[in-house]
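Trainee: Sequence and computational prediction follow.
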Amino acid sequence: FFECLTGKTPFSGRLGQLAIQHETAAVPVAMVEEPLQQLIERGMAKDPRERPRNAMEFVGELNWVADRAYGADWEERGRSELGRRAAALLLLLLGGAVVGAAGGSFTASALAGLSRRKKVVIAGAAAGVLVAIAAAGTTLALQGNNTNTVTTAGSNGPGGSGGGGADGSGNSTGSSSTTPGTTPSSSASTSASPTPSNSAATTTPAGTPTTTPAGTPTTTPAGNPTTTSPATTPPAVITLSISSKPGSPVSVACGSQQSVTFTVTGAIHSTQATTVAYKWSSSGKSASASLAKGGSATVTDTVTLPVGTKPSTSNGSDILSVSSPSSVSASVPLSVSCTFPPLQIVSLSPSSGTYLAQYSGQLNAQGGDGNYTWSVTSTLPTRLSWNSGGVISGLISVKPGQYSISVTVTDGEGKSTSSTVTLTVDQPPPTG
């Protein structure tokens, strides 16, 4: 098909070179008219799954493209142009004048040096082309109409021999004469007939019409042959949509879990009934799905990303790719961020002690990375002390009441926060 369009093969070289080019080289679609480039590229795709499934599908796509690019009558116009050029060539070889034939002067110059024998051979070939075109036109006319009228000039023979007048008497308005000793003339002399009904023979063929010509036969088709292009189905258009659950990005507490698993869902939609081949990039899973016209198929995949023990982000993605009947893909980005909860000072436990009694209390915090360092930023009651572990201890020698203590905590990531805790000093129990 490529060679019919361009007059050249797509690749050249020895057999081994051709095999390599057909497997790896880009298809030279620039040699083809733009409306047909995508059809040629699809028909010569390296991956068999990207080509039309069969010849009928390819012809259907060809008709669909040609109708829109060149008009619905492109076949008839091509056939007519072929017939016109073949007729011009035949008449030129026979010595006739072709008026207005495209390229006529060039053809005459090209054939001037040929011997008479070669001209006769070429003339015979051209005549064969004319006969084939005429037969094709007749066949198309017969397909478009149940009957066709073929009118031929009659001969001087009897009516029963296929010539003569409409009454079968053998009379005709045309004759062919040959003078002995001279070159036979291909022209026919005609005279007007007083009775129009006897000027030609009208036959209604059953099957393929058969005529007996006198001189050059003249056929008058019943109207111009019309062709109806077969109904074609436009190529399927594939669209994709993709999403994940939970939605990305995801934020979790560091160390709270080891990983997060995403369920990725893809929807494949087609404008025509077809079977699609698809693949997931993350899992490598591939399969096929049958779609009705205007229908969709839902496919799923899973992706797992790790959760760190310190603030960090894990990134990933998943891609849904369709390779047949056309190539299309869609992707979804995935992300998991790990952070520590906010650092907070919670309490001093126990929060009370007894006057003139020993006391030991622990400062408590939450959030951060859990590695806490404490400091006291205010004056403690007399005889009480603190350490970096958050312990306040000693003999309570102050009078009963409530005492505020300002403290600060810092975690292993360098995050810190400050607050105030309260120590309540109680009266000692009465002595007996």
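Mentor: Ah, there it is.

Trainee: And the next helix or strand past whichever strand or helix holds V322?
Mentor: Per DSSP states H and E: V322 is located in strand 312-324. Once the chain leaves strand 312-324, the next helix or strand it forms, by DSSP H and E, is strand 328-339.

Trainee: Quick check: buried residues in whichever helix or strand comes after that following strand?
Mentor: Where DSSP H and E defines the elements, the next helix or strand beyond strand 328-339 is strand 344-349. For strand 344-349, burial by neighbour count (16 or more other C-beta atoms under 10 Å) applies to 345, 348. C-beta here means a position set from N, CA and C on the backbone, and glycine is covered the same way.

Trainee: what about strand 344-349, average pLDDT?
Mentor: Taken as a whole, strand 344-349 has a mean pLDDT of 94.

Trainee: Surely F262 and L305 touch.
Mentor: Yes - using C-beta atoms under 8 Å, F262 is in contact with L305, at 7.3 Å.

Trainee: The two: who's more crowded?
Mentor: Remark: of F262 and L305, F262 carries more neighbours, 24 against 17, as counted by other C-beta atoms under 10 Å.

Trainee: Beta-bridge partners for the more buried one, please?
Mentor: Beta-bridge partners for F262, by DSSP bridges, are V303.

Trainee: Contacts only, for it.
Mentor: Residues in contact with F262 (C-beta atoms under 8 Å, 6 or more residues apart in numbering) are 244-246, 248, 302-305, 318, 334.

Trainee: same thing but at 6 Å, please
Mentor: Applying C-beta atoms under 6 Å, 6 or more residues apart in numbering, we find F262 in contact with 244, 303, 334.

Trainee: Buried ones among the residues you listed?
Mentor: Burial by neighbour count, 16+ other C-beta under 10 Å: within those this picks out 244, 303, 334.

Trainee: TSV for the residues you listed, including distance to P430 and pLDDT?
Mentor: Formatted as TSV, the buried ones among the contacts of F262 follow (distance: C-beta to C-beta, whole Å; pLDDT from 0 to 100):
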residue	distance to P430	pLDDT
S244	70	96
V303	71	96
L334	69	97
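
Trainee: Of these, which is the nearest to S12?
Mentor: Within these, the smallest distance to S12 is 47.9 Å, found for V303 (C-beta to C-beta).

Trainee: S283 is in contact with that closest one, correct?
Mentor: No - counting by C-beta atoms under 6 Å, V303 does not reach S283; the two are 7.9 Å apart.

Trainee: Look up how far E50 lies from Q38.
Mentor: From Q38 over to E50 the distance is 12 Å, taken as C-beta to C-beta, to the nearest Å.

Trainee: who's more crowded, those two?
Mentor: Neighbour totals were compared for Q38 and E50, and E50 leads with 17 against 14 (other C-beta under 10 Å).

Trainee: tell me the phi and psi of that one?
Mentor: Per-residue torsions, E50: phi -90, psi 0 (degrees, to the nearest 10).

Trainee: And for Y355?
Mentor: phi -60, psi 130.

Trainee: do L240 as well
Mentor: When quoted as degrees, to the nearest 10, the phi and psi of L240 stand at phi -130, psi 150.

Trainee: pretty sure it is touching A330, no?
Mentor: Yes - L240 lies in contact with A330 (C-beta under 6 Å); the separation is 3.9 Å.

Trainee: Look up the residues that both of F262 and L305 are in contact with.
Mentor: If you check F262 and L305 against C-beta under 6 Å, 6+ apart, no residue is contacted by both.

Trainee: on that earlier part again, quickly name whichever of the contacts of F262 is closest to S323.
Mentor: Within the contacts of F262, proximity to S323 (C-beta to C-beta) peaks at V303, which comes in at 20.9 Å.

Trainee: tell me the contacts of the closest one?
Mentor: V303 sits next to 262, 282, 316, 318, 334 when contact means C-beta under 6 Å, 6+ apart.
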